[in-house]
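Student: coordinates only, sequence not included:
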C-alpha cells in the first residue's frame, strides 16, 4: 500500500523548488517594471514574454531526449544557473537592457525550460497518486508565501533606494539561486530511462481515444490564460499606482489569499472532489474580471487579484494532480513519462505563445484600457475549457 508520507527525496525536491520560487519572487515581479520604466511600451513587454515562451518550448522539445536518456539533475541545475545568468546580465547591462530583450528573453526562457522539464519528471518519480495533492498543495503554499513576502520586501527596498534597490534585489536572487544549486546535489541521481521515442507524444496527440489528446488541449487552454496573466496584471498595478511598494502590497495580499486556499485544498482535497472543485474554480476565475469593468484602478485590480488568487488553487491543484496521474495509470505511460511531460509542456507553451501573440496584436491595434480588459475577460475563461476536457479522466477513487 503506497504511503501518504513524503520520503527524504520528496522533501529535498520540495526544498529546491522552494528556493527557486523564492529567488524568482524576489525579483521576477519587478523585471517587467524595470523594463517599463526604461521604455513604457506594452508591445515590448509582450515581445519579451513571447521570446521567453518560444525559448522555453524549444528547450522542452530539444531537451526531452537528454533528460530521459542521461542525467536529469544536470538540467535541473542548468535551469538555476541560467536564471542566475539572467539576473547577472540585467545587472551588467543596466539601462542598455532595453536593447537586449531578445537575448534576455532567450536566457530566461531557457532557464525556465531546463528547470521545469527536469523538475516535472523528478516530481513524478518521487511522488505518487497518494501524495500528489498534498505535494501540490504544499508547493502552492510555498509559492504563495514567497510571492506574499518577497515582492513586498523588494518593493520596500526599491522604493527606498531607487535604481540601486533593483540591483540589490537582483543580487539577492543570485545568492538564493546559488543556494538552490548547492542543495540540489543532495538529491539522488535519477537512473536514466530507455531511448527517447519522438513518436510517443505525436501518437498520443493524434489518437482521438487517448486521454493525452484531451490533456494537450486542456493544457493549451490553461496556457492561453497564463501567458498574459503572468506579466500583465503586475504591470497594470504599477501603471495605476506608479509605486513599487504598492505593487508589493498587492502581491502580498493576493498571495495570502492564495496561500490559505492552497493549504485547505492540499489538506482536504480528495479524488472525488477534483472535478467539482475544478469547475467551481474555473467559473469564479472567469468572473474575477467583473470589478475591472467598472474601471481600472488599484482597488478594482486588488479585487480582481483577490478573487483570482482565492479560486485559482481550486483549479491548479486537481488539474496538476490529474495530469500526472495519467502518467501513472499504467506501466507504459510511466515508462514514457518524459515524452508525455514534453507533450504536456508543449500544450501549455503553445497556449502561452498564442495568448501573448494575440495580446501584442491587441495593443498594436489599440492600447485603450477597455480593450485590454476585454482581452483579460476572454482569456480568463479559458480554464473552464481545461476543466471540461479533463473531467472524464479525473481520478475519483484514491
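Tutor: Cool, got the structure. Keep in mind the model is a prediction, meaning the values are calculated, not measured. Residues are numbered from 1 along each chain as shown.
Student: For the stretch 151-300 of the chain, which segments count as helices?
Tutor: Assigned by DSSP state H, counting those that start in this stretch, the stretch 151-300 of the chain shows helices spanning 163-184, 199-206, 211-241, 244-268, 274-287, 298-327.
Student: Show me the one of those helices that comes nearest residue 157.
Tutor: helix 163-184 (4.5 Å; Cβ to Cβ). Yep, even glycine has a C-beta here, placed from its N, CA and C like the rest.
Student: Tell me the buried residues in the closest one?
Tutor: The neighbour-count check on helix 163-184 (16 or more other Cβ atoms under 10 Å) flags 165-170, 172-174, 176-177, 180-181, 183-184 as buried.
Student: Equivalent analysis for stretch 325-338, please.
Tutor: 325, 326, 327, 328, 333, 335, 336, 337, 338.
Student: The closest residue to the third one other than its chain neighbours: what's it in contact with?
Tutor: Translated: residue 327. Counting by Cβ to Cβ, 6 or more residues apart in numbering, residue 337 is the residue found nearest to residue 327 once chain neighbours are left out, at 4.8 Å. Listed by Cβ atoms under 8 Å, 6 or more residues apart in numbering, the contact partners of residue 337 are 121, 124, 125, 327.
Student: just curious, which of these is nearest to residue 299?
Tutor: residue 124 (41.8 Å).
Student: any idea how far that closest one is from residue 23?
Tutor: If you measure residue 124 against residue 23 using Cβ to Cβ, to the nearest Å, the figure is 23 Å.
Student: Is residue 296 in contact with residue 373, as I believe?
Tutor: Yes - with contact defined as Cβ atoms under 8 Å, residue 296 counts as touching residue 373 (6.6 Å).
Student: For residue 320, list the residues it contacts.
Tutor: Taking Cβ under 8 Å, 6+ apart, one finds 132, 136 in contact with residue 320.
Student: returning to what we had before: reformat the buried residues of stretch 325-338 as CSV; add pLDDT and distance to residue 49.
Tutor: Below are these laid out as CSV (pLDDT from 0 to 100; distance: Cβ to Cβ, whole Å):
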residue, pLDDT, distance to residue 49
325, 79, 30
326, 79, 29
327, 75, 28
328, 69, 33
333, 70, 32
335, 75, 35
336, 76, 31
337, 73, 29
338, 75, 26
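Student: looking just at contacts, which helices and strands does the helix or strand of the chain with the lowest mean pLDDT meet?
Tutor: Every helix and strand in the chain was compared by mean pLDDT, DSSP states H and E; the lowest is helix 331-335, with a mean of 71. If contacts are counted by 3 or more Cβ pairs under 8 Å, 6 or more residues apart in numbering; DSSP states H and E, helix 331-335 sits against helix 298-327.
Student: give me that answer again for 10 Å
Tutor: Under the contact criterion of 3 or more Cβ pairs under 10 Å, 6 or more residues apart in numbering; DSSP states H and E, helix 331-335 touches helix 199-206, helix 298-327, helix 337-365.
Student: tell me the angle the shortest one makes with helix 337-365.
Tutor: This points to helix 199-206. 60 degrees (axes from the mean of the first three to the mean of the last three Cα atoms, to 10 degrees).
Student: Neighbours of residue 369, how many?
Tutor: Counted by other Cβ atoms under 10 Å, the residues lying close to residue 369 total 14.
Student: That one and residue 295 touch, don't they?
Tutor: Yes - in this structure, residue 369 is within contact of residue 295 by Cβ atoms under 10 Å, at 8.5 Å.
Student: ok, residue 371 to residue 381 distance?
Tutor: 17 Å.
Student: Compare neighbour counts for those two and give me the winner.
Tutor: More crowded of residue 371 and residue 381, by other Cβ under 10 Å: residue 381, with 17 against 13.
Student: how about the more buried one, phi and psi?
Tutor: phi -90, psi -10 (degrees, to the nearest 10).
Student: mind listing what it touches?
Tutor: 221, 224, 225, 282, 283, 285, 286, 287, 289 (Cβ atoms under 10 Å, 6 or more residues apart in numbering).
Student: try 8 Å
Tutor: Per Cβ under 8 Å, 6+ apart, neighbours of residue 381: 282, 285, 286.
Student: and the gap between the last one and residue 213?
Tutor: Translated: residue 286. With Cβ to Cβ as the criterion, residue 286 and residue 213 are 24 Å apart.
Student: Likewise for the second one?
Tutor: With the distance defined as Cβ to Cβ, residue 285 ends up 24 Å from residue 213.
Student: Also residue 40?
Tutor: Distance from residue 40 to residue 213, by Cβ to Cβ: 42 Å.
Student: For those two, work out which one has more neighbours and name it.
Tutor: Using other Cβ under 10 Å as the criterion, residue 40 and residue 213 rank with residue 213 on top: 18 against 11.
Student: burial of the nearest residue to that one once chain neighbours are set aside, as a residue count?
Tutor: Leaving aside its chain neighbours, residue 213 sits nearest to residue 205 (5.7 Å; criterion: Cβ to Cβ, 6+ apart). Residues contacting residue 205 under the criterion other Cβ under 10 Å number 17.
Student: ditto for residue 368
Tutor: 11.
Student: Torsion angles phi and psi at it?
Tutor: Given degrees, to the nearest 10, the pair of backbone angles that residue 368 has is phi -60, psi 140.
Student: Tell me how far it lies from residue 166.
Tutor: 30 Å.
Student: In contact with residue 43, which residues?
Tutor: 360, 363, 364 are the contacts of residue 43 under Cβ under 8 Å, 6+ apart.
Student: show me where pLDDT drops low in the stretch 51-200 of the chain?
Tutor: Under the criterion pLDDT under 70, the flagged ranges of the stretch 51-200 of the chain are 68, 129, 190-194, 196.
Student: and with 80 instead?
Tutor: 60-61, 63-72, 124-134, 136-137, 140-141, 143-144, 147, 163, 188-200 (pLDDT under 80).
Student: circling back to that earlier point, tell me which of the helices and strands packed on helix 331-335 lies nearest to residue 45.
Tutor: Using Cβ to Cβ, the nearest of these to residue 45 is helix 337-365, at 9.1 Å.
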